[in-house]
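1. 3D model of this:
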Amino acid sequence: MTEAEQAIGTPDAGKAEEGAGTSAAGADEAAADRGKRRVGVLLTVAALAYLIDLVSKLAVVAKLEHHAPVEVIGTWLQFEVIRNRGAAFGFGEAMTIVFTVIAVGVIVVIARLARKLHSLPWAIALGLLLGGAFGNLTDRIFRAPGDLQGAVVDFIAPSHFAVFNLADSAIVCGGFLIVILSFRGLDPDGTVHKD
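-> Alright, predicted model coming up:
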């Protein structure tokens, strides 16, 4: 379109500008809709991870606590309930409150990232982290001795390895996926950057 057509405002120019405006509005709506869907994925994955962890802990505490370990695959994999006041692998038992604060911090960071989340793999990874963090945070808040220092229920006991739970598994899987996505250059907003 020439400058004259723009100055005069020919009907074709008006239609072109209107189409461009509609196109830009449609792109904004599509981006907003895409963001909502990814946040929905994040929340769905987080809810599933949290519920599976919660139900598994309730079941093993009710059925297995104060009993001999149950062999799942011989002595290679057993279910054995322990109460862990520390972090993964039993480290830092005297710092339970610190781990509670870290879990809350992770939840806040994920909530902030969710506002610009357009990547499905990132939504899954962050959902796993969020569900796992909530799972262990629930134990810290509601299990004895309380006051944000509760012991986490761990029960999956492979031989020659630390005892862990499904929230720990979700956190590790989510973290591993984030590392892969970062190395591949995929950002949470769906863009790809190359170093």
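
2. Poorly predicted segments of this structure, please.
-> Residue ranges of the chain with pLDDT under 70: 1-37, 87-96, 195.

3. which residues of it fall in helices?
-> Secondary structure of the chain by DSSP state H: the helices cover 3-8, 11-64, 96-114, 120-142, 166-183.

4. now for the third one, which elements pack on it?
-> Based on contacts counted as 3 or more C-beta pairs under 8 Å, 6 or more residues apart in numbering; DSSP states H and E, the elements that helix 96-114 packs against are helix 11-64, helix 120-142. Using the backbone N, CA and C atoms, a C-beta is placed for each residue, glycine as well.

5. how about that helix: buried residues?
-> Judged by neighbour count using 16 or more other C-beta atoms under 10 Å, the buried positions of helix 96-114 are 96, 99, 100, 103, 106, 107, 110, 113, 114.

6. Pick the one among those closest to residue 61.
-> residue 96 (18.4 Å; C-beta to C-beta).

7. Which residues are in contact with the residue nearest to residue 136 when sequence neighbours are not counted?
-> Leaving aside its chain neighbours, residue 136 sits nearest to residue 167 (4.7 Å; criterion: C-beta to C-beta, 6 or more residues apart in numbering). Contacts for residue 167 (C-beta atoms under 8 Å, 6 or more residues apart in numbering) come out as 49, 50, 53, 131, 132, 133, 134, 135, 136, 152.

8. Next, the contact list for the first one, please.
-> Spelled out, that is residue 49. 127, 128, 130, 131, 132, 135, 166, 167, 170.

9. One more: the third one?
-> Taking C-beta under 8 Å, 6+ apart as the contact definition, residue 53 lies against 131, 132, 135, 165, 166, 167, 170.

10. Who's the closest spatial neighbour of it, skipping the chain neighbours?
-> residue 135 (3.6 Å).
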